[in-house]
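Participant: dropping the sequence and predicted coords here.
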Amino acid sequence: MIKPAIAGGIPIRNKFLVFGQPMVFQEEIKEVLETLRSGWWGTGPKTKLLEKKFCHYKNCRYAVALNSCTAALHLALNVLGIGPDDEVITTPLTFAATANVIIHCGAKPVFADINKKTWNIDPWEIEKKITKKTKAIIPVHLHGRPCQMDQIIKLAKKYKLFIVEDAAHAVEAKYKGKKIGSIGHFTAFSFYATKNMATGEGGMLTTNNKNWAEQARIRSLHGISKDAWKRYSSAGFQAYEVLYPGFKYNMMDLQAAIGIPQLTRLEKNFSLRKKYWQIYQSELANIKQIILPQPEEPQTRHARHLFAILIKPEMLKINRNQFVQALIAENIGSGIHFMALHLQKYYKNTFGYKKGDYPNAEFVSERILSLPLSPQMTVEEVKQVINAVKKIIQYYQR
Ligand SMILES: *Cc1c(COP(=O)(O)O)cnc(C)c1O
């Protein structure tokens, strides 16, 4: 038996494989330099161009470029009028931002458990949590897998609820022929450095409602009247009015300059990640100590943002966190997406959530581990990760 590096063996790699490193090409560098030299760094023509291209890519009517997905989620709830005494339902298996923004609106986050197979929010669990106070649902397309939107839309219609999709992982995703970003009332995307399309920090909010789009735009820049970013441009002095106590959530052209070539490369990168995903699936298929992701629904495209497996601790001598450490010793970075939010200190203490409240989310949360999946990787590196996983499992199996 080969010893894993953590037990004194030789690491699979010499150099550390960083999890989720962004890809940069000459086009991004050129665009950024051009923008730097143009003297227009803030929101401007590049941001407008990115919005236009994103709308085209997404088949949606309006896209508002912002400085994060968190900002996009918050703004969407704000524009929809979510406030104190309201409840918003979301999944406990998500990043903190998804639920934090509900609290920023003064509303209460209510979790609904996930489906144990898809790891996404379970529509039947959502229905159990709906009360007179429920105003919206935030489905999260976890790892890039679209939620069961047909069922969620049915619920939203039946109970008159808004749908704000957290598509931070799902920029390339499609659901039954429709692109994610053209389905719910609002959809929020992330361009954070580790995401499929990256601008460092950045995000996009899409909608098909003209009035909401206009409100989102106004409120994203202090709440001052439309196109206020032009106030210093050659268009000349434009008097503005404060229409709402807005936020500072606008994207700047320096970020959009990185985003424009990234958007062009999106589909190509997606194909590469899909290929790596399939290698992981087939090479890890017969290992009984782990659970692999399920196939997606028919006519649905998983965005392949994260390839996560579940580690069965009952069949190993190490737990998931020790598994992460063992991978680090092999010089391989991995991630945990995510630790169940209802058991995080603030949520536990504030809302009284406890262990056992969301058994499926807890089951996954304790076992989940994301292996590196990036177009930056080579097939060779994917194979190294697979060998490391196999080596660790063989050594620590019960
Ligand atoms: C990354 C992420 C966010 C937040 O995105 P930012 O652009 O960093 O604000 C929200 N939800 C999920 C599920 C994420 O993974």
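Facilitator: That came through, no problem. Numbers count the residues shown, from 1 in each chain.
Participant: return the residues of the chain in contact with the ligand.
Facilitator: The chain has residues 68-70, 94-95, 97-98, 140, 166, 168-169, 190, 192, 203 near the ligand, with proximity defined as CB under 6 Å from any ligand atom. Yep, even glycine has a C-beta here, placed from its N, CA and C like the rest.
Participant: among those, which are in strands?
Facilitator: Among the residues of the chain next to the ligand, the members falling in strands (DSSP state E) are Asp166, Ser190, Gly203.
Participant: give the contact list for the last one.
Facilitator: Shown here is Gly203, whose contacts under the criterion CB atoms under 8 Å, 6 or more residues apart in numbering are 65-72, 188-192, 251.
Participant: can you rerun that using 6 Å?
Facilitator: Shown in contact with Gly203 (CB atoms under 6 Å, 6 or more residues apart in numbering): Leu66, Ser68, Cys69, Ala71, Ala72, Phe189, Ser190, Phe191.
Participant: before we move on, what about the first one?
Facilitator: The neighbours of Asp166, taking CB under 6 Å, 6+ apart as the test, are Thr98, Ile138, Val140, Ala188.
Participant: is the residue lying closest to Thr91 once chain neighbours are set aside bridged to anything, and to what?
Facilitator: For Thr91, ignoring the flanking residues on the chain, the nearest one in space by CB to CB, 6 or more residues apart in numbering is Ile121 at 4.0 Å. Counting by DSSP bridges, Ile121 is bridged to Ile114.
Participant: count of neighbours near Ile121?
Facilitator: A count of neighbours around Ile121, defined by other CB atoms under 10 Å, yields 28.
Participant: quick one: contacts for it?
Facilitator: Listed by CB under 6 Å, 6+ apart, the contact set of Ile121 reads Thr91, Ala112, Ile114, Pro139, Cys147.
Participant: look up how far the ligand lies from it.
Facilitator: 12 Å (CB to the nearest ligand atom, to the nearest Å).
Participant: state the distance from that residue to Ile138.
Facilitator: Distance of Ile121 to Ile138, given as CB to CB, to the nearest Å: 9 Å.
Participant: which outside residues touch the helix or strand encompassing Glu380?
Facilitator: When elements are assigned from DSSP states H and E, Glu380 belongs to helix 379-396. Contacting residues not belonging to helix 379-396 are listed as 2, 4, 12-13, 276, 279, 283, 289, 316-318, 326, 330, 332, 371 [CB under 6 Å, 6+ apart].
Participant: same question for stretch 265-285.
Facilitator: Taking CB under 6 Å, 6+ apart as the rule, stretch 265-285 contacts Glu172, Met197, Arg304, Phe307, Leu373, Pro375, Val382, Ile386.
Participant: now do the last one: how many residues are near it, please.
Facilitator: Think Ile386. Around Ile386 there are 18 other residues, counting by other CB under 10 Å.
Participant: likewise for the first one?
Facilitator: Neighbour count for Glu172, taken as other CB under 10 Å: 24.
Participant: just checking, Ile290 touches Ala308?
Facilitator: No - contact criterion CB atoms under 6 Å: Ile290 and Ala308 do not qualify, at 10.3 Å.
Participant: between the two, which is the more surrounded one?
Facilitator: The residue with more neighbours, out of Ile290 and Ala308, is Ala308; 23 against 18, by other CB under 10 Å.
Participant: spell out the secondary structure type for that one.
Facilitator: The three-state label for Ala308, taken from DSSP: H, G, I helix; E, B strand; the rest coil, comes out as strand.
Participant: tell me how far it lies from the ligand.
Facilitator: From Ala308 to the ligand the distance is 12 Å (CB to the nearest ligand atom).
Participant: swap in Val171?
Facilitator: For Val171 relative to the ligand (CB to the nearest ligand atom), the value is 11 Å.
Participant: so that residue sits against Thr199, correct?
Facilitator: No - counting by CB under 6 Å, Val171 stays clear of Thr199, with 11.9 Å between them.
Participant: so what's the spatially most central residue of the chain up against?
Facilitator: Per CA atoms, centre = their mean, the C-alpha nearest to the average position across the chain is that of Ala168, at 2.4 Å. Contact partners of Ala168, counting by CB under 6 Å, 6+ apart, are Cys69, Ser190.
Participant: again, 8 Å this time
Facilitator: Counting by CB under 8 Å, 6+ apart, Ala168 makes contact with Cys69, Phe95, Ala97, Val140, Ala188, Phe189, Ser190, Tyr192, Lys195.
Participant: any chance of those residues in JSON lines, plus pLDDT?
Facilitator: Compiled in JSON lines, those are given as follows (pLDDT from 0 to 100):
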{"residue": "Cys69", "pLDDT": "98"}
{"residue": "Phe95", "pLDDT": "98"}
{"residue": "Ala97", "pLDDT": "98"}
{"residue": "Val140", "pLDDT": "99"}
{"residue": "Ala188", "pLDDT": "98"}
{"residue": "Phe189", "pLDDT": "98"}
{"residue": "Ser190", "pLDDT": "98"}
{"residue": "Tyr192", "pLDDT": "98"}
{"residue": "Lys195", "pLDDT": "96"}
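Participant: farthest pair in the residues you listed?
Facilitator: The distance between the two most remote of the contacts of Ala168 (CB to CB) is 14.7 Å, for Val140 and Tyr192.
Participant: how about residues contacting stretch 66-79?
Facilitator: With CB under 8 Å, 6+ apart, stretch 66-79 has contacts from 64, 88, 97-98, 100-102, 104-105, 107, 136, 138, 164, 166, 168, 185-186, 188-192, 201-205, 207, 212, 215-216, 219-220, 247-252, 255.
Participant: in strands, which of the residues you listed appear?
Facilitator: Judged by DSSP E, the subset of the contacts of stretch 66-79 located in strands is 64, 88, 136, 138, 164, 166, 186, 188-190, 203-205, 207.
Participant: that older thread, mind checking which of the contacts of stretch 66-79 are buried?
Facilitator: 64, 88, 97-98, 100-102, 105, 107, 136, 138, 164, 166, 168, 185-186, 188-192, 201-205, 207, 212, 215-216, 219-220, 247, 249-252, 255 (16 or more other CB atoms under 10 Å).
Participant: so, low pLDDT: which residues of the stretch 1-150 of the chain?
Facilitator: Within the stretch 1-150 of the chain, no stretch has pLDDT under 70.
Participant: mind listing the helices for it?
Facilitator: Along the stretch 1-150 of the chain, counting by DSSP state H, counting those that start in this stretch, helices occupy 26-38, 45-58, 69-79, 96-104, 123-129, 149-159.
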